[in-house]
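Undergrad: Got a predicted model here, sequence first, then my questions.
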Amino acid sequence: MRKIRVYPDSVLNRVSRKVTKKLLATDEVAGIIDDLVTHLWEGTGKDAPVALSAVQLGELLRIMAFFLHPDGPLDDPEEIVVLINPEITYKKKMRWVNESCASLPGRKFTLRRFKICKIHGMLPDGTPKTFRGRETLAQVFQHEIDHQDGILLSQIGQEVR
C-alpha cells in the first residue's frame, strides 16, 4: 500500500492531471482507489483523515476519496465516496475555519473557506456525479481540490500555535 506523503515531499506541490476514461479502466487507478479507501477506513484517532487525494499517495492524478458525512461517526465503509476529476461548480458564503492535514501532521491552520460548495466529477465506474457540501463537507471538497492543484494549507492558511 502506498504511504501518505508528508511535507516537504515535493510531489505535494505539483498539479495533478485529469484521469482519462481509458486510464480510469486500468489496474493502476484501481490500486490508487483501493489505497485511498484503505487509508480512510483504517485511520484511527481524532486526527484520522476524513478525505485524501491521490497526490498525497504520490500519484499525480485527480482522484479523491472522502467520508460523505465527515462530522459523524466514521464507522461505515459505505460512507466513503471516490470521485474522479472533481471540479468546484458552485461556491457561496465565506467563513473562517480551522483545518489540519495528513500531509502536515501535528499542525493546524486557520483560513477562509466557502461555507457551501458543489463539486462535479465521475464515480469510478465513469458515472457523472455532483455533490453539495455545507460547512465541513464543503471544506473537505476545497481542501482536496487544493491538494490536486499543488496547494498546501501552509501556503494559504495561518498556522495556529
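TA: Noted; the coordinates are in hand.

Undergrad: ok now do residue 150, which residues does it touch?
TA: By CB atoms under 8 Å, 6 or more residues apart in numbering, residue 150 lies in contact with 12-16, 55. Where C-beta positions appear, they are placed from N, C-alpha and C, glycine not excepted.

Undergrad: How about the contacts made by the spatially most central residue of the chain?
TA: What sits nearest the mean C-alpha location of the chain, by CA atoms, centre = their mean, is residue 144, with 3.1 Å. Residue 144 sits next to 51-53, 64, 66, 86 when contact means CB under 8 Å, 6+ apart.

Undergrad: which two from the residues you listed end up farthest apart in space?
TA: Spanning the widest gap among the contacts of residue 144 are 52 and 86, at 12.7 Å by CB to CB.

Undergrad: which residues do the two both contact?
TA: With CB under 8 Å, 6+ apart as the test, residue 52 and residue 86 both reach 64, 144.

Undergrad: what's the offset of the longest helix seen in the chain from the middle of its chain?
TA: Criterion DSSP state H: the longest helix present in the chain is helix 27-42. For helix 27-42, the separation from the chain centroid amounts to 13 Å (computed by CA atoms, centre = their mean, to the nearest Å).

Undergrad: Can you name the next helix or strand after it?
TA: strand 51-53 (DSSP states H and E).

Undergrad: which other helices and strands contact that following strand?
TA: Under the contact criterion of 3 or more CB pairs under 8 Å, 6 or more residues apart in numbering; DSSP states H and E, strand 51-53 touches helix 27-42, strand 63-67, helix 136-148.

Undergrad: Pipe those into CSV and attach mean pLDDT and distance to residue 105 per row.
TA: Shown next, in CSV, are these (pLDDT from 0 to 100; distance: least, CB to CB, whole Å):
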stretch, mean pLDDT, distance to residue 105
helix 27-42, 96, 13
strand 63-67, 97, 19
helix 136-148, 98, 15
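
Undergrad: Mean neighbour count, these: which tops it?
TA: Among the helices and strands packed on strand 51-53, strand 63-67 has the highest mean neighbour count (mean count of other CB atoms under 10 Å), at a mean of 27.

Undergrad: Remind me what that strand packs against, helices and strands.
TA: helix 27-42, strand 51-53, strand 80-100, helix 136-148.
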